[in-house]
Structure formats: structure tokens, C-alpha cells
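> predicted coordinates and the sequence they were generated for:
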Amino acid sequence: MVELLIGILFVLISASVSPSQVGDLLPEGIALVAVMVLVLRPLVVALGTWGSELTPAERAFTAWMAPRGIVAAATASAFGLQLSQAGVSGAEDILPLCFIAIFGTVGLYGLTAAPVARLLGLAKAGARVVLVVGGQAWGRAIAKTLEAAGLGVRLWTGRPEEQAAAREDGLAAGNARLGVDLATREEELEEVTDALLVTESDDFNALAAYELRRDLGHEHVFRLPAGDDVLDLVPVYAEGSILFGEDLTYLELTRRFDAGAELVEVNGAPGDHLTTLFVVSESGELMVATAGRAPTSRPGDTRVCLRSPG
């Protein structure tokens, strides 16, 4: 309801001003936007983050990103007409100035947020955030390797000892909270673009894929192939793409890693004893090997491969 009312409010303000009013007040409106951007917002951020642990780059980006003019819009719509009817001088200019301020700040920050974030080193074009569900040793190894390749990584596991081990490795680890309300789920999955389900439970992987595909999309949720004893709990089309290959089940991957297999980064075509699992492009795009589909790479891309011993 809040978002709907804000949208209606902006439409009403736009409908309440004429192009001639905006044109007549354009110099004053541009000056107001400049004061908001260059003076008021940096001052508010400086006072609000005083003594915080934000880095200089984070402070600079926060100072650059201004609110969407909601407070100004609400104030103008609530008091502008009343002040004008009361004969207050200049009250008729409140709505046009508010319109210019909203349009100017939204346009400015909307067009420059991503370039400024990249300039300050706070974001990368095309970067992915991968959620790895499963905290066993080789699951953590996959997460660390993808992170080293330049991707954002989060790890979910319900076992405290695996969470502790993941945090010792420098990974962001937490519980797999799938059965929560929509708002909490959106917060948990904020910025996540892809999910890899690699737990030892085939049933859990299938059900988690069914849940996550509704948030991330079918093409961005991947699960390990099931063993022979999996229960058919959800339809095949809803279970997400099969990771790596039909033969690389949890038990088979565990056997290979226990026998000395390891993950390596390769630039170029893979050689002998190497099985391509992922390809990370120069721009930060992630391509996942699935059953029946091997990812292709270009010069400069990084292959993450499983190297068998021997």
C-alpha cells in the first residue's frame, strides 16, 4: 500500500503542474537540486555516519545517493494548496519546485548510481552473487573458488560446525531459511542471482530448488543429480537444472574429493583429468555446467575445473 500511495502521489503532483510553471521556475529548481545534492545530502551523511565503520568509499557513495523526494512530495501535496488558498506569497511555486526536485534527483541518481559505484570500487558490472546451499568441505571449496574467481558468494548450512568452518574460511554463512515469510525471504536472497544446491539430501535439494526457482528463476537454480533412492516429491520440471552431470552425485563427488580431487582455475581449454564445472567471464558472468550442456569460454574467461588425481 505504501508503494502504491507513493506512486499515486507522484502522479498527482505531476498532474498538478503545467509545463509553463516548470519552465518559469527551472533556474530556481536547478539551484535547489544542486543544494540538495552538493550540500544537504553530504552534510546529513557526514553527521549520520560519524564514528561508524563505513569506509571512505562507502561514505562517498551514500552521500551521493539521495532520497527519492518522498518527504518533499508529501509536504507539498499536503500544505501547498492550503498555503496558496491562505494567500501566502510564493505558495503557488511549491508544487512546481517539488516536481523539479523529484524529477532532477531521481534522474540524476538513477543514471549515475552504477557508474559511481564502479568508480569507487563498490560494484562490478555484471557481477553475480552465488548462493551455495551445503556446508561440507567440498561445498565450501566450491564457494571459496567461485569467490576467488571474482563472484559474490553466500553459503547456507544448518549445521553450526559447518557455519563456523565457513566463516573461518572468510565466507558469509547462515541458515537455510526457506520456510519464512515473503519479506524475510526477499531480504535473505537480496542480490543473490544463482543458487547451487549441493547438500547430501537429494529430497532437500529438490524441494529447495522448487522454492528458490520462484525467486531466482528456473535457469538460475541448480541441484546435484539424485541418487537411486530419491523420493519423487516434486515434478521434474520444477526441480532446477542438474549440476555438472548425471554421474556426479553427492556420493560420487565426496568419493572423488576424498580420493584427492581438487578444484583448480584454468585459463583456456581444460586438459587431461579436468572436468569443467563453471566458467566465469571477464565481466563477472557465471556459466554453470549442467547435464547435457557444457559451458563455453572465450579468451580471458576463467574455467573452474575438477581435477582428478593421477
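Happy to help now that I have it.

> name the nearest residue to Glu282, sequence neighbours excluded.
Distance criterion CB to CB, 6 or more residues apart in numbering; nearest residue to Glu282, sequence neighbours excluded, is Gly300 at 4.5 Å. C-betas here are computed from N, CA, C, even on glycine.

> could you chop this structure up by domain?
In terms of domains, the chain is parsed into 2-119, 129-307 (source: automatic domain parsing).

> format those as JSON lines; extra columns: mean neighbour count and mean pLDDT.
JSON lines is the format used below for the domains of the chain (neighbours: other CB atoms under 10 Å; pLDDT from 0 to 100):
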{"stretch": "domain 2-119", "mean neighbour count": "15", "mean pLDDT": "78"}
{"stretch": "domain 129-307", "mean neighbour count": "17", "mean pLDDT": "80"}
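
> before we move on, back to that, so what's the residue nearest to Glu282 up against?
The neighbours of Gly300, taking CB atoms under 8 Å, 6 or more residues apart in numbering as the test, are 267, 281-282.

> isn't His220 right next to Thr193, touching?
Yes. His220 is within contact range of Thr193, at 6.1 Å (criterion: CB atoms under 8 Å).

> which parts of this protein are strands?
Taking DSSP state E to define them, one finds strands in the chain at 129-133, 152-156, 172-174, 194-197, 221-223, 241-242, 262-266, 274-280, 286-288, 302-307.

> now, among the contacts of Gly300, which is nearest to Gly152?
Ser281 (14.8 Å; CB to CB).

> excluding chain neighbours, what is closest to the closest one?
Per CB to CB, 6+ apart, closest to Ser281 is Asp301, 5.0 Å.

> measure the one you found to Leu146 for me?
14 Å (CB to CB, to the nearest Å).

> overlap of the contact sets of the two?
Residues touching both Asp301 and Leu146 (CB under 8 Å, 6+ apart): Val280.

> longest helix of the protein, counting residues only.
Longest helix in the chain, counting residues (DSSP state H): helix 94-119.

> tell me what that helix is packed against?
Other elements packing on helix 94-119 under the criterion 3 or more CB pairs under 8 Å, 6 or more residues apart in numbering; DSSP states H and E are helix 2-15, helix 19-24, helix 26-35, helix 56-64, helix 70-85.

> so where do the helices sit in the stretch 201-310 of the chain?
Assigned by DSSP state H, counting those that start in this stretch, the stretch 201-310 of the chain shows helices spanning 202-216, 250-258.

> mind putting these into TSV with distance to Pro309?
Below are those laid out as TSV (distance: least, CB to CB, whole Å):
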stretch	distance to Pro309
helix 202-216	26
helix 250-258	8
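
> Arg154: which of the ones you listed is closest?
Nearest to Arg154, of all those, is helix 202-216, at 12.4 Å by CB to CB.

> can you give me the angle that closest one makes with helix 250-258?
Going by axes from the mean of the first three to the mean of the last three CA atoms, to 10 degrees, helix 202-216 is angled at 100 degrees with respect to helix 250-258.

> and the angle from helix 202-216 to strand 129-133?
Calculated by the same axes, to 10 degrees, helix 202-216 forms an angle of 160 degrees with strand 129-133.

> tell me the angle helix 202-216 makes with strand 152-156.
With the same axes, to 10 degrees applied, the angle from helix 202-216 to strand 152-156 works out at 140 degrees.
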